[in-house]
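Engineer: Sequence unavailable; structure follows:
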Ligand code: KG4
Ligand code: ZN
């Protein structure tokens with residue numbers, strides 16, 4: 001049997017568990033989403049999220065183990081998201097993973113959720129070639145990173161305020177489209193036109209992102225023009241976000257001899273973004289890796305995948321590690337000693 005890590009992810013509103021082999025085969029991947037529960041509140045309610053994790057985590061882990069056809073003794077280690085995220089939600093996953101690791105006498109590896117997203121680049125059908133430029137665009141984060149090997153990366157730019165997904169969600173709320181907003185805004189955008197000339201914040205200004213000004217511009221416009229056309233607002237907003245993302249990607253591509261580009265996180269689902277990425281790919285000839293959506297949005301397979309290089313390098317963590325809601329992504333990889 002292959003070497004296997006069980007990953008556990010409970011940082012926000014998905015309870016997830018997955019078994020991933022050392023060669024990054026996703027052997028099982030179970031995600032229980034709370035979206036329907038939080039929808040009526042227009043966003044994630046932290047206390048409700050933690051409670052649902054408490055009831056879901058054991059069934060979800062059991063399902064992932066059963067689907068992989070393994071028991072605790074078959075595992076090499078247990079990995080878990082230790083931050084960033086909602087503290088009550090993180091605590092459920094961290095406590096569960098530690099308890100399982102203790103019971104099974106296995107090492108436990110605490111993983112940064114953002115390192116998980118970066119690692120998801122390697123889980124798709126298209127094999128990532130290094131160095132790889134990764135664009136992470138999720139509800140909580142927007143960042144660009146240069147990966148030179150699994151687990152070895154340097155952050156090139158990140159968001160100064162709202163992430164791309166957050167901007168989508170806020171604009172969706174302004175348009176009365178409910179939560180999560182990204183897919184709803186994109187559906188409307190298809191029937192509208194980019195005619196409103198919304199700002200493209202910091203488009204030619206380094207590799208950091210800023211989307212809060214764009215969101216405010218949409219809010220002002222809606223107040224000023226009560227007879228607005230929703231489809232055009234959605235199309236103009238989505239075009240502004242995607243223009244910025246593409247401009248930053250292109251600028252970053254000029255900084256090194258990248259052999260592939262990966263786009264991960266929930267916003268990677270956007271058809272507007274995917275179309276533009278495909279066009280860039282044709283023009284520049286750089287390999288494009290888009291993991292399937294189930295692995296690009298929050299999941300535990302990416303947590304197990306991120307744990308593998310860490311585990312090989314340093315083994316398990318001391319059981320004393322805790323959940324950390326504000327855990328930062330190091331500017332450069334922890335695994336400095338690893339060479340591509
Ligand atoms: O990666 P993800 O599932 O969770 C986080 O780690 O945050 O990303 C969720 C985000 C939400 O903000 C959602 O509105 C956005 O991804 N999203 C989209 C689309 N589908 C989801 N944004 C734009 N277009 C979409 N089709
Ligand atoms: Zn995430």
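Structural biologist: Arrived safely. Keep in mind that what you see is a predicted model, and the values were worked out from it rather than measured. Numbers count the residues shown, from 1 in each chain. Ligands and ions are numbered 1, 2, ... in the order given.
Engineer: Tell me where the stretch 201-340 of the chain has strands.
Structural biologist: Ranges of strands within the stretch 201-340 of the chain are 260-264, 287-289, based on DSSP state E, counting those that start in this stretch.
Engineer: Partner strands of the shortest one, with direction?
Structural biologist: Neighbouring strands of strand 287-289 in its sheet, by DSSP bridges, are strand 260-264 (parallel).
Engineer: so what's the most centrally placed residue in the chain up against?
Structural biologist: Centre of the chain computed as the mean C-alpha position; nearest residue by C-alpha atoms, centre = their mean is residue 265, 3.5 Å away. Contact analysis of residue 265 by C-beta atoms under 8 Å, 6 or more residues apart in numbering lists 117, 136-139, 141, 165, 296-297. From N, CA and C alone the C-beta is placed, and that goes for glycine too.
Engineer: Could you single out the nearest of those residues to ligand 2?
Structural biologist: residue 138 (4.5 Å; C-beta to the ion).
Engineer: Quick check, that closest one in contact with residue 117.
Structural biologist: Yes: if you go by C-beta atoms under 8 Å, residue 138 and residue 117 touch, sitting 6.4 Å apart.
Engineer: where do the strands sit along the stretch 1-150 of the chain?
Structural biologist: Using DSSP E, counting those that start in this stretch, strands in the stretch 1-150 of the chain cover 4-9, 14-21, 26-33, 77-83, 108-112, 132-137, 142-149.
Engineer: Quick one: residues in contact with the next helix or strand after the last one.
Structural biologist: If I follow you right, that is strand 142-149. Following strand 142-149 in sequence order, the next helix or strand is strand 152-158 (DSSP states H and E). By C-beta under 8 Å, 6+ apart, the residues outside strand 152-158 that reach it are 115, 118, 133-134, 141-148, 206-209, 248, 252, 255, 309, 329-333, 335-336, 338, 340.
Engineer: Mind listing what's buried along strand 152-158?
Structural biologist: 152-153, 155-158 (16 or more other C-beta atoms under 10 Å).
Engineer: What of stretch 188-205?
Structural biologist: Those would be 188-189, 192, 194, 196, 198, 200-202, for stretch 188-205 by 16+ other C-beta under 10 Å.
Engineer: Identify the residues contacting that stretch?
Structural biologist: Against stretch 188-205 from outside (C-beta under 8 Å, 6+ apart): 175, 177, 208-211, 213-214, 217-218, 221, 229-240, 243-244, 247-248, 251, 271-272.
Engineer: quick check, the helix or strand bottoming out on mean pLDDT in the chain touching ligand 1?
Structural biologist: Lowest mean confidence among the helices and strands of the chain (mean pLDDT, DSSP states H and E): helix 35-39, at a mean of 85. No: counting by C-beta under 6 Å from any ligand atom, ligand 1 is not contacted by helix 35-39; separation bottoms out at 9.6 Å.
Engineer: From residue 203, how far out is the nearest residue to residue 67 once chain neighbours are set aside?
Structural biologist: Closest residue to residue 67 apart from its sequence neighbours, by C-beta to C-beta, 6 or more residues apart in numbering: residue 28 at 3.8 Å. Relative to residue 203, residue 28 is positioned 42 Å away (criterion: C-beta to C-beta, to the nearest Å).
Engineer: Check residue 170 too.
Structural biologist: For residue 170, the distance to residue 203 (C-beta to C-beta) stands at 20 Å.
Engineer: Whichever of the contacts of stretch 188-205 end up buried, select them in ChimeraX.
Structural biologist: To isolate the buried ones among the contacts of stretch 188-205 in ChimeraX, judged by 16+ other C-beta under 10 Å, type:
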select :175,177,208,209,210,211,213,214,217,218,221,229,230,231,232,233,234,235,236,237,238,239,240,244,247,248,251,272
